[in-house]
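> pasted the sequence and its predicted model underneath.
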Amino acid sequence: MNQTLHKPITDKLVVLTFDDGCKSQATFVAPILKQYGFGATFYITEGLNFLRSKEAYMTWEEVRDLHEAGFEIGNHTRHHRNVTQQSDQELKDDLQHIDDRCKEYAISRPTTFCYPGYSHNEAAVKVVAEHGFHFARRGVAPEFPYDSEGGRGPAYNPTVHHPLLIPTTGASGPNWNFDDFTWALEQATDGNISVLTFHGVPDLEHPWVHTEPKAFEVYMVYLAENGYTVIALRDLNYYINL
């Protein structure tokens, strides 16, 4: 899908995303990102155990604090259900619920979306488009094999990929290590953008997407010391004219 570009996409452009509203994203991740001046998107859902476990998940007050700190809050649906198994109206209602909660907590209406569990189909993309999202992130498939415990994926090429089907270049998890991390970063060249996906650091309830805090610190130091530009998904607006 051809799109007009604004700012030139320079090498070493990285999008940083975090899924599911894990508590550690507020308590551990955000302070590190602020230290380095990195942008990031936090995708919030009230599914999983978000409303029941405040040990594992943020409160909405903590989500608001992330917003006020300058981070992007993205829409990850109310129930975290597989969107390919929902009716159009069910998905619309799930999206609207997160918008309403953001409004309730004085958080800007989300302009980007993340497909729960990475599942998507044409019908869901149509609903996402009608909702008014600028960008949406998916997983590594179908270009790369999906591994629930982390893996490699394609870089985002705005001249090839639909803006509502932005791929994950690196998905952190037990099967994803420093070599995979640097490989993902190496893809951010020649007009391509590396998109990284993390969950909890640590992730208390989902060990298959867990990232070790010490490893995460190493990743962030590497980005800072090697001159990467680290942005939220919404910041692609500066580079891409939809």
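Alright, I've got the coordinates. Residues are numbered from 1 along each chain as shown.

> quick one: name whatever helix or strand follows the worst-scoring helix or strand of the chain on mean pLDDT.
Each helix and strand of the chain was given a mean pLDDT (mean pLDDT, DSSP states H and E); the minimum falls on strand 4-5 at a mean of 56. For strand 4-5, the succeeding helix or strand toward the C-terminus, using DSSP states H and E, is strand 13-19.

> determine the set of other helices and strands touching that following strand.
Contact here means 3 or more Cβ pairs under 8 Å, 6 or more residues apart in numbering; DSSP states H and E; on that basis strand 13-19 packs against strand 41-44, strand 194-198, strand 229-231. Glycine gets a C-beta too; all of them are placed from N, C-alpha and C.

> now for the first one, which elements pack on it?
Helices and strands touching strand 41-44, by 3+ Cβ pairs under 8 Å, 6+ apart, are strand 13-19, helix 60-68, strand 72-75, strand 112-114.

> out of these, which one sits most buried?
Mean neighbours per residue, mean count of other Cβ atoms under 10 Å, is largest over the helices and strands packed on strand 41-44 for strand 112-114, with a mean of 29.

> so what touches the next helix or strand after that one?
Tracing the chain C-terminally past strand 112-114 and defining elements by DSSP H and E, one meets helix 122-131 next. Residues from elsewhere that reach helix 122-131 (Cβ atoms under 8 Å, 6 or more residues apart in numbering): 83-84, 86, 88, 91-92, 95-96, 113, 115, 136, 162, 164-165.

> by neighbours, which of these wins?
residue 113 (30 neighbours; other Cβ atoms under 10 Å).

> find the nearest non-adjacent residue to that one, please.
Computed as Cβ to Cβ, 6 or more residues apart in numbering, the closest residue to residue 113 that is not its neighbour in sequence is residue 136, at 4.1 Å.

> the one you found contacts residue 167, doesn't it?
No - judged on Cβ atoms under 8 Å, residue 136 makes no contact with residue 167 at a distance of 10.9 Å.

> re the thing from before, dump the helices and strands packed on strand 13-19 to CSV, plus distance to residue 130, mean pLDDT and mean neighbour count.
Formatted as CSV, the helices and strands packed on strand 13-19 follow (distance: least, Cβ to Cβ, whole Å; pLDDT from 0 to 100; neighbours: other Cβ atoms under 10 Å):
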stretch, distance to residue 130, mean pLDDT, mean neighbour count
strand 41-44, 19, 98, 28
strand 194-198, 24, 98, 27
strand 229-231, 26, 98, 19
